[in-house]
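Q: coords please:
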Amino acid sequence: MNRLKPHLALLLCNVVWAMDYPFYNYVLPRYIHPMALVSASLVATALLSLVPLLWQKAEKVSRADGRKLIGAGLLIGVLRKVFIMYGLSMTSPIDGSIIDTIVPLLVLMLSVALGMDRFTKLKVAGLVLGMSGAVAVVLAGASSAHAHSHLWGNVMIFLCACVTSFYMVWFKRLIAKYRITTVLRWTYCAAAVMALPIGIGPIVHTDFAAIASHALFPALFVLVVPTYLPNLMLNYALKTVPATVSSIYTYLQPVLAIAVSIGMGLDKLHADTVIFALVIFAGVGLVLRSYAVKPKYPAGLKSPS
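A: I've put the predicted structure just below:
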C-alpha cells in the first residue's frame with residue numbers, strides 16, 4: 001500500500017490539473033475577470049499555506065533565500081497565473097491542455113542552456129518533433145475552423161509553459177533545500193501580496209449573484225483546489241517516484257481535459273489537433289527514452305498549478 005500511495009497522489013493531482021482547463025474556461029471571463037481570479041486564488045492559496053503552522057513549527061529561511069522565494073512567488077504565482085487565466089479566457093481548454101505538455105521539452109532546453117544537461121541525437125529529435133507539434137497547436141488558434149481557439153490565447157498558454165519550465169530549472173535546488181510547506185508558504189504569500197492591489201478592483205466589481213446562480217461549483221473549484229493541494233501531493237510523490245515516471249502522468253491531463261470540455265459543451269475536438277498532440281507526445285517520448293538510455297542525466301519533467 002505504501003508503494004501505491006505516491007502513484008495515487010500523482011493520479012489525483014493530474015486529474016485536478018486536467019479539470020482546471022475546462023473550469024477556468026467556463027468562468028473566464030464570463031463570470032469572473034481574469035485578474036480578479038488571479039488575485040482571489042492566490043489569496044486563498046496563501047491562507048491554505050498557513051494552515052500547517054497549526055501543527056508544524058515554522059522553518060527558518062535565510063534572508064538571501066527569502067528574497068529568492070519572493071522572486072519565485074512573482075514567477076510561478078503571479079506570472080504563471082496571469083498567463084494561464086488570460087490565455088484560457090480567450091482560447092480553447094483543449095488547446096491549452098495540449099500546449100502545456102511541452103514543459104518537459106522546455107525544461108530540457110533550459111537545462112542545456114544552463115549547463116545542467118546536454119543534447120543527444122535522441123533528445124534533439126524529440127525536441128524538434130515536440131516543438132513542431134506545439135507551434136502547430138498555437139498557430140491553429142488563428143484558423144477560422146477552430147472557432148473555440150484564439151492565437152493570442154494559445155500564445156499566453158505557451159508563455160505559461162515557459163514560466164513553469166524556468167521555475168522548475170532555476171529554483172530546483174532552492175526548493176529541495178526546504179520543506180515543501182515552507183516553500184509554498186513563502187511563494188504564495190508573496191504572490192498574494194503582489195497580486196491583490198491589482199486585482200482588488202476587478203474583485204469588487206464581480207457579479208457574485210451570477211456566480212452563485214450559474215457557476216458556483218466551477219468558481220469555487222478554480223478558487224481553492226488547483227494550486228496548493230495538488231502541489232502537496234506532487235511533492236509527496238516525488239520523494240519516492242522518479243521525476244521521469246511522474247511525467248508520464250502528465251499525459252492524462254489533455255485526455256481528461258478533452259473529455260470534460262466536450263462533455264460541458266465548451267469545445268470541439270478537431271482531427272488536426274489530435275495529430276498535433278500525438279506529435280508532441282512522440283517528441284516528449286523520445287526525450288524520456290533518452291534518459292532511459294543514459295540514466296546519469298536525470299531531469300525534473302513535471303509542472304505545478
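Q: only C-alpha atoms for contact and neighbour calcs from this point on.
A: Fine.
Q: what sits up against stretch 87-96?
A: 21-22, 24-25, 28-29, 34, 137-138, 141, 148-157, 254, 257-258, 261, 266-267, 269, 273 (Cα atoms under 8 Å, 6 or more residues apart in numbering).
Q: mind checking which of the residues you listed land in helices?
A: Members of the contacts of stretch 87-96 lying in helices (criterion: DSSP state H): 21-22, 24-25, 34, 137-138, 151-157, 254, 257-258, 261, 273.
Q: just the buried ones among the contacts of stretch 87-96, please.
A: 21-22, 24-25, 28-29, 34, 137-138, 141, 148-157, 254, 257-258, 261, 266-267, 273 (16 or more other Cα atoms under 10 Å).
Q: low-confidence ranges, the chain, go.
A: Along the chain, the parts satisfying pLDDT under 70 run over 1, 141-149, 238-239, 241-248, 250, 291-305.
Q: could you rerun that using 50?
A: 294-305 (pLDDT under 50).
Q: neighbours of L127, how many?
A: 26 (other Cα atoms under 10 Å).
Q: that one reaches F281, doesn't it?
A: No: look at L127 against F281 with Cα atoms under 8 Å: they stay out of range, at 10.7 Å.
Q: check contacts around the residue nearest to A219 when sequence neighbours are not counted.
A: In space, and not counting its chain neighbours, A219 is closest to V27: 6.5 Å by Cα to Cα, 6 or more residues apart in numbering. Going by Cα under 8 Å, 6+ apart, V27 touches A215, P218, A219.
Q: ok, the last one touching A210?
A: No: shown here, A219 and A210 do not form a contact pair, counting by Cα under 8 Å, at 10.9 Å.
Q: so the two - more neighbours on which side?
A: In this view A219 and A210 are compared by other Cα under 10 Å, and A219 has more residues nearby, 21 against 13.
Q: what about the more buried one, which helix or strand?
A: helix 216-224 (DSSP states H and E).
Q: list the helices and strands that helix packs on?
A: Using 3 or more Cα pairs under 8 Å, 6 or more residues apart in numbering; DSSP states H and E as the contact criterion, the elements in contact with helix 216-224 are helix 4-27, helix 34-50.
Q: let's have those helices in CSV, adding distance to R185.
A: Compiled in CSV, the helices and strands packed on helix 216-224 are given as follows (distance: least, Cα to Cα, whole Å):
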stretch, distance to R185
helix 4-27, 19
helix 34-50, 5
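Q: among these, which is nearest S97?
A: Evaluated with Cα to Cα, these place helix 4-27 nearest to S97, the distance being 6.6 Å.
Q: in the closest one, what's buried?
A: 6-7, 9-27.
Q: could you do stretch 131-141 as well?
A: In stretch 131-141, counting by 16+ other Cα under 10 Å, buried: M131, G133, A134, V135, A136, V137, V138, L139, A140, G141.
Q: K177: neighbour count?
A: The number of residues packed near K177 is 11, by other Cα under 10 Å.
Q: one more: A64?
A: Residues near A64, counting by other Cα under 10 Å: 8.
Q: so which helix or strand takes in it?
A: Counting by DSSP H and E, A64 is part of helix 63-72.
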